[in-house]
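Colleague: 3D, please:
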Amino acid sequence: MTREDYVKSLIKSNGCNLKEFAAKIHMPYTTLLSILNGSIGGAAMDNVLKICRALDLTVEELNNIVAKSAPARGQEADGIDPHLLELIRKLPMEKQLALKLLLADM
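Modeller: Presented below is the predicted three-dimensional model:
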């Protein structure tokens, strides 16, 4: 199951259709539809967080729907600017996970 399918099923299990859910979270229906018919990984972080909060779901839980291997914390990735890595490590964990989710499909 993809993350998008999982989110759609959660929305339906909460008794909403996509249009009702979009109105509930104050997001344009077309934006929600684009995210769920495309890739959550390509969505703006604020939109992903808004969807997750409304579904009582953490970004980490959503990210775990599709397990992908990534370097363990503390390991340096070849070819990545060390300054950029340091900035990412300073982000709160929720934002780190949201960033990981956004970049996962690139």
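Colleague: What backbone torsions are found at Thr58?
Modeller: phi -90, psi 160 (degrees, to the nearest 10).
Colleague: How about Met27?
Modeller: phi -130, psi 140.
Colleague: Spatially nearest residue to Leu101, not counting backbone neighbours?
Modeller: Asn63 (4.9 Å; Cβ to Cβ, 6 or more residues apart in numbering). Where you see a C-beta, it was placed from the backbone N, CA and C, and this is true even at glycine.
Colleague: err, Ile40, not the other one
Modeller: Counting by Cβ to Cβ, 6+ apart, the residue nearest Ile40 is Arg3, at 4.9 Å.
Colleague: burial of the one you found, as a residue count?
Modeller: Using other Cβ atoms under 10 Å, Arg3 has 21 other residues around it.
Colleague: roughly how far apart are it and Leu101?
Modeller: From Arg3 across to Leu101, the span is 8 Å (Cβ to Cβ, to the nearest Å).
Colleague: Give me the common contacts of those two.
Modeller: Shared contacts of Arg3 and Leu101, defined by Cβ atoms under 8 Å, 6 or more residues apart in numbering, comprise 40-41, 62-63.
Colleague: Run through who's touching stretch 50-63.
Modeller: 3, 6-7, 10-11, 14, 21, 24-27, 32, 35, 40, 48-49, 94, 97-98, 100-101, 104.
Colleague: try stretch 8-26
Modeller: Under Cβ under 8 Å, 6+ apart, the answer for stretch 8-26 is 1, 28-29, 31-33, 36, 50-51, 54-55, 57.
Colleague: Can you pick out the ones from those that are in strands?
Modeller: Under the assignment DSSP state E, these contribute nothing to strands.
Colleague: among those, which two are most distant?
Modeller: Spatial extent of those (Cβ to Cβ) is set by the pair Met1 and Pro28 at 25.5 Å.
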